[in-house]
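# Need coordinates for the below:
(one chain, ligands or ions: 1)
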Amino acid sequence: MCIAGVVLCLLATIAVPLLAIMGGGAAPPVGAWAGIPSRALTAYRETDGWCDGLRWQLVAAIGQVESGHGTFGGATIDQETGEAMPWIFGPPLDGSPGVQSIPIGSWLGWWGLAGPWQQAVGPMQFLPSTFDAWAVDADEDGTSNPHDIDDAAASAANYLCGGTEGAIDDERAAVLRYNNSASYADEVLLIADSFGEFVVVGDGWLCPIAGPVSFIDSWGAPRSGGRSHKGVDMFAARGTPVVAPVAGTVEHRSNSLGGLSFHLWGDDGTYYYGAHLDAYGPIAGWVDAGTVVGYVGDTGNARGTSPHLHFEIHPGRVRDEPSAAVNPTPAVADACAANRIGVGLSGGT
Ligand SMILES: [Zn+2]
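The predicted model follows:
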């Protein structure tokens, strides 16, 4: 039933087999995105606003459905180059049941295609002609590489937008243009909505944990009393220093759920909250970025769990005007890339 974009039509038939092959619940559950490798997340976020109306979550959702963010078949994304290795290929388009028949033709040898049939290529599963039409060299290494998550994500954005001069005023229509399947569009939009808001943090934004740390995205996960999780639980050894990610004014207070907690009214206009401290840092009042504001512990309702910092980000919040928290995981995933030692533990609070 494909009408537009030959490439995208093919994706509809390819996406399901790829995830099915991954099997065993390998795909991240809807509502969480523990499965986004930080390198892929970086590439997706670069596509935000490629054209009016494009949000990075839409590109990320497509990347999840198409290849598990470049992890299909045991692939991993090279931290330096962004290339998914080993290279990812969809099933041969050989006319098998549910699959179109597209001979390799002049694309033989294109980015590893061995024929005799065409295959979708790379983490975003482009067919050669579609990639060729919309390719972007996002990382400016001189080559538009469909196996490179930077180039592939940007090319997907370019295609969704219809070019940088395009616009998206109907996300569903854009996804259907990518792959003309109603069930595919439903799945992509549901996943995109589960990813939460884009937290914008500056280049100088520091990891709040000054030591080895592990965490997953548990935004929205169920918590006691029917609450849903509004932060990220950053697991680290008890006593690991917790530092201010930005300069601002720090207060130390305690409450029954959070135990020993810090409040940071950042000079960047954002309010930060951290809980379950083992002890407070030595200074209250205005502090520079990197100042120790406390130490990782298990106070409050975290007593008896693995020591962790429950950390929240509330953009635009001033003292008497609360603002909603946003998912802090993208920010800490970026800022903590150098000291992150694992995806994390369950059992946070
Ligand atoms: Zn928490």
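# C-alpha from now on. contacts and neighbour counts both.
Fine.
# Can you report phi and psi for the closest residue to Asp78 other than its chain neighbours?
With CA to CA, 6 or more residues apart in numbering as the criterion, Asp78 has its nearest non-adjacent residue at 6.3 Å, and that residue is Ala84. The phi/psi pair for Ala84 (degrees, to the nearest 10) reads phi -80, psi 120.
# ditto for Ser129
Main-chain dihedrals, Ser129, degrees, to the nearest 10: phi -70, psi -30.
# burial count for it?
Ser129: 13 surrounding residues under other CA atoms under 10 Å.
# ok, it to the ion distance?
Using CA to the ion, to the nearest Å, we find Ser129 at a distance of 46 Å from the ion.
# Let me see the mean pLDDT of the longest strand along the chain.
Longest strand in the chain, counting residues (DSSP state E): strand 270-280. Mean pLDDT, computed over strand 270-280, is 95.
# Ok, stretch 299-317 next?
The model assigns stretch 299-317 a mean pLDDT of 91.
# Close to the ion: what parts of the protein are there?
Contact residues (CA under 5 Å from the ion) of the chain with the ion: 233, 310, 349.
# Could you rerun that using 8 Å?
Selection of the chain residues close to the ion by CA under 8 Å from the ion yields 229-234, 275, 309-311, 348-349.
# quick revisit: so what touches the longest strand of the chain?
With contacts defined as CA atoms under 8 Å, 6 or more residues apart in numbering, strand 270-280 is touched by 238-239, 252, 258-266, 293-302, 307-318.
# cool, stretch 42-60 as well?
Against stretch 42-60 from outside (CA under 8 Å, 6+ apart): 41, 69, 149-150, 153-154, 156-158, 161, 163-169, 188-189, 192-193, 195-196, 334.
# Tell me the secondary structure at the closest residue to the ion within the stretch 101-250 of the chain.
Proximity of the stretch 101-250 of the chain to the ion (CA to the ion) peaks at Asp233, 4.5 Å away. For Asp233, the assignment made with DSSP: H, G, I helix; E, B strand; the rest coil gives strand.
# Can you tell me, leaving aside adjacent residues, what's nearest to it?
Using CA to CA, 6+ apart, the closest residue to Asp233 is His310 (4.6 Å).
# hey, what's the one you found bridged with?
Using DSSP bridges, the bridge partners assigned to His310 are Asp233, Ala275.
# and of the residues of the chain next to the ion, the nearest to Ser323?
Lys230 (12.2 Å; CA to CA).
# what residues are up against that closest one?
By CA under 8 Å, 6+ apart, the neighbours of Lys230 are 219-220, 312, 325-327.
# where do the helices sit along the stretch 1-150 of the chain?
Per DSSP state H, counting those that start in this stretch, the stretch 1-150 of the chain carries helices over the ranges 6-22, 38-46, 56-67, 128-134, 149-161.
# Now the phi/psi pair for Trp286, please.
phi -70, psi 130.
# separation between it and Val243?
13 Å (CA to CA, to the nearest Å).
# go on, His308?
Taking CA to CA as the measure, His308 falls 14 Å from Val243.
# So those two - more neighbours on which side?
Each of His308 and Val243 has its neighbours counted (other CA under 10 Å); His308 has more, 34 against 21.
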